[in-house]
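Asks: pasting the structure only:
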């Protein structure tokens, strides 16, 4: 059986984090929640639900993911697959087996959970999210011949391949950096359709004008950075 570990960045997700942890399949060997400077009961609720909880006080999605990866790198037994999922309960954690299936069955290196329109709850993605995804994936196809339709945070990747990507982004550009580097490294990748629902609480990115603007700048920055290399 594959050794699968899950990393969940979490900033003030006290109301949702326990639900995410408890609904992840038993095929997961360890769930690592990275508390990203939360001021609520995120840590307490994550620990009570059975997760390993780390703290990264530097705010940023990428900072949290990198903290989780540093922890996993220090372990004596390395995982086969890393899964990333948000802590806001907008994804369906039980679909993890569906997301990792192309890796286990078809030897894919990376799988993106694609939030297709027909599977999204009405209002679950804001206009800036939808527009940003469509623009980013269009540019990635135009400039790099990449076949992505989404920058969805619910994703799985072989641990050894993830290490090869040498991830760097500390904030909003984490997802697009991973996908661009996967294309550049010629990893075998695919997407699987996943359901998506309204998150619990307010989004720290798409829920604010500032967050949406900075996320868009960061995503486009990565795309144009790679287009001139």
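Replies: Alright, I've got the coordinates. As the structure is a prediction and not an experimental result, all values here were calculated from the model.
Asks: can you give me the strands in this protein?
Replies: 4-10, 28-35, 52-55, 81-84, 110-114, 155-158, 189-193 (DSSP state E).
Asks: how near is residue 130 to residue 68?
Replies: Distance of residue 130 to residue 68, computed by CB to CB, to the nearest Å: 28 Å. Bear in mind the C-beta positions are built from the backbone N, C-alpha and C, glycine included.
Asks: between the two, who's got more neighbours?
Replies: Between residue 130 and residue 68, counted using other CB atoms under 10 Å, the more crowded position is residue 68 (23 against 14).
Asks: what's the spacing between the more buried one and residue 192?
Replies: The value you get for residue 68 to residue 192, if CB to CB is used, is 22 Å.
Asks: Could you tell me which ranges of this structure sit under the pLDDT cut-off?
Replies: 203-216, 226-229 (pLDDT under 70).
Asks: Swap in 90 and give it another go.
Replies: Residues of the chain meeting the criterion pLDDT under 90: 1, 126-136, 139, 171-173, 201-229.
Asks: how much space between the most centrally placed residue in the chain and residue 97?
Replies: Centroid-nearest residue in the chain: residue 153, 3.0 Å away (criterion: CA atoms, centre = their mean). Noted for residue 153: a distance of 18 Å to residue 97, by CB to CB.
Asks: repeat for residue 139
Replies: 32 Å.
Asks: Looking at the two, which has the bigger crowd around it?
Replies: Neighbour totals were compared for residue 139 and residue 97, and residue 139 leads with 17 against 14 (other CB under 10 Å).
Asks: My understanding was that the more buried one contacts residue 225; is that so?
Replies: No - Residue 139 lies out of contact with residue 225 (CB atoms under 8 Å); the separation is 12.0 Å.
Asks: residues touching residue 147, list them.
Replies: Contact analysis of residue 147 by CB atoms under 8 Å, 6 or more residues apart in numbering lists 141, 191.
Asks: Would you mind measuring from it to residue 190?
Replies: 8 Å.
Asks: Distance of the residue nearest to residue 189 when sequence neighbours are not counted relative to residue 142?
Replies: Nearest residue to residue 189 in three dimensions, chain neighbours excluded: residue 110, at 4.3 Å (CB to CB, 6 or more residues apart in numbering). As for residue 110, its distance to residue 142 is 21 Å (criterion: CB to CB).
Asks: Ok, residue 86 next?
Replies: Applying CB to CB to residue 86 and residue 142 gives a distance of 28 Å.
Asks: Looking at the two now, which is surrounded by more residues?
Replies: Legend: neighbour count by other CB under 10 Å for residue 86 and residue 142, higher for residue 86 (20 against 11).
Asks: Quick check, the more buried one in contact with residue 11.
Replies: No - look at residue 86 against residue 11 with CB under 8 Å: they stay out of range, at 10.3 Å.
Asks: can you give me the helices in this structure?
Replies: Counting by DSSP state H, the segments of the chain that form helices are 17-23, 42-48, 61-73, 96-106, 127-144, 159-165, 174-184, 209-227.
Asks: List the contacts of the second one.
Replies: I take that to be helix 42-48. Contact partners of helix 42-48, identified using CB under 8 Å, 6+ apart, comprise 8, 10-14, 17-18, 21, 33, 35, 53, 55, 87.
Asks: I am finished for the moment; much appreciated.
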